[in-house]
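Student: This is the structure alone, sequence omitted:
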């Protein structure tokens, strides 16, 4: 064992006296390592305080802002048989250009003169309706004539009633006068008998008074008969009024019945004419649907029905067309947790598929190959994928989007939020907190008013 007591210390080794120590030298790696470690730690601490732009990252696809600028599939309006193609896939067509032609497959539309014959049927029905209308007019004239005849007949009957009433009054007066004459003749005859008995009156004069008495009785009977005749004439006149009314009521009812029957036939025929006109319009429109035309200017992208002679049903897709002019936009899907932070007009940076870029999500100003956009629409209802859809259009104040972009291409969007230190962003990510708002409350209120 070595004697290492304080009284016997280990002698110091003189490294200079040894050749091996002179070759190796003094080890300084630990010194440099410590220095670099301190520098790296200091840089990391400084990096924690560098600014970082918070963002919401979402993936989406290119689309168009207007629905009429998106890919369109043309469907068959009628069932038919494909007869001829007039375009090729990838060809540019203008609005109204013919794409293909269909032929009829239903037996009720095979007649080549269907439109002309339907028009002839409509003309015949219109003439029938016109005849019924003329008959109604004739019956109206007949009803007016019967009404006028009834008025005249009633006036005549009323005049007869008035005459009969006056005659009754005259005959009543004549009866009263006859009775007065009878009373006078009776008085004269009674006085004549008294005078004849007394010898004051002759037999002849008495007989004259007797004849006058009998004549007065006959006059009374005749006046009473005429009064009865006048009363019978009044009753007959009154009965004639009722007879005239019943007679003309029957004639008017018959004429009105024929009139309403003719009107019913007229309206029925008018309805049939209208129905046939609808059929003619449908036939005309159907004939126009044999030729399928382009709804707008665009490119033929895909022919769904390819072979000539194929039969298609109503509503079957025929061909898809991509509009030639469209305003690009990006359709992004945002998580519900980030949705409250997205407002209309908010800035978004994009990385498009197939377009070279170098992206630093936290330093958008240092990124290359990214393009700017702004939120133009936000869905109020969640999508089937569990996220909310937002529509982002180009930012007018930023670089123009590439011309080579096409609808359907992929894109990655970064919705920019507030600038925070890196340590704060790391702390937020670890705790799962949402990003901070990009604008203050005044700007948010302004954006909401713009909506």
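Tutor: Thanks, I have it. Worth saying up front: this structure is predicted, and the values here are computed from it rather than measured. Residues are numbered from 1 along each chain as shown.
Student: What helix or strand is the nearest residue to residue 290 once chain neighbours are set aside located in?
Tutor: Of all residues not flanking residue 290 in the chain, residue 102 sits nearest, at 5.1 Å (CB to CB, 6 or more residues apart in numbering). (Glycine included, C-beta is placed from N, CA and C.) Taking DSSP states H and E as the criterion, residue 102 maps to strand 98-103.
Student: need the contact list for the residue lying closest to residue 286 once chain neighbours are set aside.
Tutor: Among residues not flanking residue 286 along the chain, residue 78 sits closest, at 5.9 Å (CB to CB, 6+ apart). By CB atoms under 8 Å, 6 or more residues apart in numbering, the contact list for residue 78 reads 102, 286, 289-290, 314.
Student: Scan those residues and report the most crowded one.
Tutor: Note: the member of the contacts of residue 78 with the most neighbours is residue 102, at 22 neighbours, neighbours being other CB atoms under 10 Å.
Student: Enumerate the beta-bridge partners assigned to it.
Tutor: With DSSP bridges as the criterion, residue 102 is bridged to residue 82.
Student: Out of the contacts of residue 78, which is nearest to residue 325?
Tutor: Proximity of the contacts of residue 78 to residue 325 (CB to CB) peaks at residue 289, which lies at 26.4 Å.
Student: if we can go back for a sec, local confidence estimate at the residue nearest to residue 290?
Tutor: On pLDDT, residue 102 comes in at 92.
Student: hang on, it packs against residue 85?
Tutor: No - contact criterion CB atoms under 8 Å: residue 102 and residue 85 do not qualify, at 11.2 Å.
Student: what secondary structure does residue 275 sit in?
Tutor: Recorded secondary structure, residue 275: helix (DSSP: H, G, I helix; E, B strand; the rest coil).
Student: Tell me where the chain has helices.
Tutor: Assigned by DSSP state H, the chain shows helices spanning 19-24, 29-48, 114-198, 203-288, 422-431, 441-450.
Student: Can you convert those into TSV and add a column each for distance to residue 323 and mean pLDDT?
Tutor: Shown next, in TSV, are the helices of the chain (distance: least, CB to CB, whole Å; pLDDT from 0 to 100):
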stretch	distance to residue 323	mean pLDDT
helix 19-24	80	61
helix 29-48	49	75
helix 114-198	34	84
helix 203-288	23	85
helix 422-431	42	68
helix 441-450	28	44
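Student: how about the nearest residue to residue 377, chain neighbours excluded?
Tutor: Nearest residue to residue 377, sequence neighbours excluded (CB to CB, 6+ apart): residue 391, at 4.0 Å.
Student: wait, residue 77
Tutor: In this structure, residue 77 finds its nearest non-sequential neighbour in residue 289, 4.7 Å apart by CB to CB, 6+ apart.
Student: Do you know the pLDDT at that neighbour?
Tutor: As predicted, residue 289 sits at a pLDDT of 88.
Student: Mind listing the shared neighbours of residue 102 and residue 85?
Tutor: By CB under 8 Å, 6+ apart, no residue touches both residue 102 and residue 85.
Student: hang on, the earlier thing: if I pick the residue nearest to residue 77, what's in contact with it?
Tutor: 77-78, 102.
Student: okay, the nearest residue in space to residue 321 that is not next to it in sequence: pLDDT?
Tutor: Spatial nearest neighbour of residue 321, chain neighbours left out: residue 298 (4.4 Å); criterion: CB to CB, 6+ apart. On pLDDT, residue 298 comes in at 89.
Student: possible to save the helices of the chain as JSON lines with distance to residue 94?
Tutor: Output for those, formatted as JSON lines (distance: least, CB to CB, whole Å):
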{"stretch": "helix 19-24", "distance to residue 94": "88"}
{"stretch": "helix 29-48", "distance to residue 94": "59"}
{"stretch": "helix 114-198", "distance to residue 94": "29"}
{"stretch": "helix 203-288", "distance to residue 94": "18"}
{"stretch": "helix 422-431", "distance to residue 94": "53"}
{"stretch": "helix 441-450", "distance to residue 94": "37"}
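Student: what's the closest of those to residue 58?
Tutor: helix 422-431 (16.6 Å).
Student: one step back: count residues in the vicinity of the residue nearest to residue 377, would you?
Tutor: When neighbours are counted by other CB under 10 Å, residue 391 registers 19.
Student: if we can go back for a sec, check the contacts of residue 78 and tell me the two furthest apart.
Tutor: Greatest spatial distance among those (CB to CB): 290 and 314, at 13.5 Å.
Student: Test my guess that residue 298 contacts residue 93.
Tutor: Yes - counting by CB under 8 Å, residue 298 touches residue 93, with 6.5 Å between them.
Student: which residues do these two both contact?
Tutor: Here residue 298 and residue 93 have residue 321 as joint contacts, going by CB under 8 Å, 6+ apart.
Student: so what's residue 114 up against?
Tutor: Contacts for residue 114 (CB under 8 Å, 6+ apart) come out as residue 283.
Student: Tell me how far residue 144 lies from residue 137.
Tutor: Counting by CB to CB, to the nearest Å, the gap from residue 144 to residue 137 is 11 Å.
Student: Could you name every residue contacting both of the two?
Tutor: Counting by CB under 8 Å, 6+ apart, nothing touches both residue 144 and residue 137.
Student: hang on, the earlier thing: could you dump the contacts of residue 78 into a markdown table and include distance to residue 320?
Tutor: Output for the contacts of residue 78, formatted as a markdown table (distance: CB to CB, whole Å):
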| residue | distance to residue 320 |
| --- | --- |
| 102 | 17 |
| 286 | 24 |
| 289 | 19 |
| 290 | 21 |
| 314 | 18 |
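Student: for those residues, which one is nearest residue 305?
Tutor: Using CB to CB, the shortest approach to residue 305 within the contacts of residue 78 belongs to residue 102, at 10.0 Å.
Student: and the closest one, how far is that from residue 112?
Tutor: As defined by CB to CB, residue 102 lies at a distance of 16 Å from residue 112.
Student: do residue 84 as well
Tutor: Counting by CB to CB, the gap from residue 84 to residue 112 is 18 Å.
Student: can you list the domain ranges for this structure.
Tutor: Following automatic domain parsing, the chain resolves into domains at 54-69+326-450, 72-98+294-322, 114-288.
Student: Let me have these in CSV, adding distance to residue 46 as columns.
Tutor: Compiled in CSV, the domains of the chain are given as follows (distance: least, CB to CB, whole Å):
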stretch, distance to residue 46
domain 54-69+326-450, 10
domain 72-98+294-322, 52
domain 114-288, 75
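Student: Can you say which of the ones you listed is nearest to residue 39?
Tutor: Closest to residue 39 of those is domain 54-69+326-450 (CB to CB; 18.3 Å).
Student: ok, back up a step: who does the residue nearest to residue 321 bridge with?
Tutor: residue 93, residue 323.
Student: distance of it from residue 322?
Tutor: Note on residue 298: its distance to residue 322, by CB to CB, is 5 Å.
Student: Mind checking which of the two has more residues around it?
Tutor: Taking neighbours as other CB under 10 Å, residue 298 and residue 322 compare with residue 298 leading, 22 against 19.
Student: Just read off the phi/psi values of residue 402.
Tutor: Torsion angles at residue 402 (phi, psi; degrees, to the nearest 10) stand at phi -60, psi 140.
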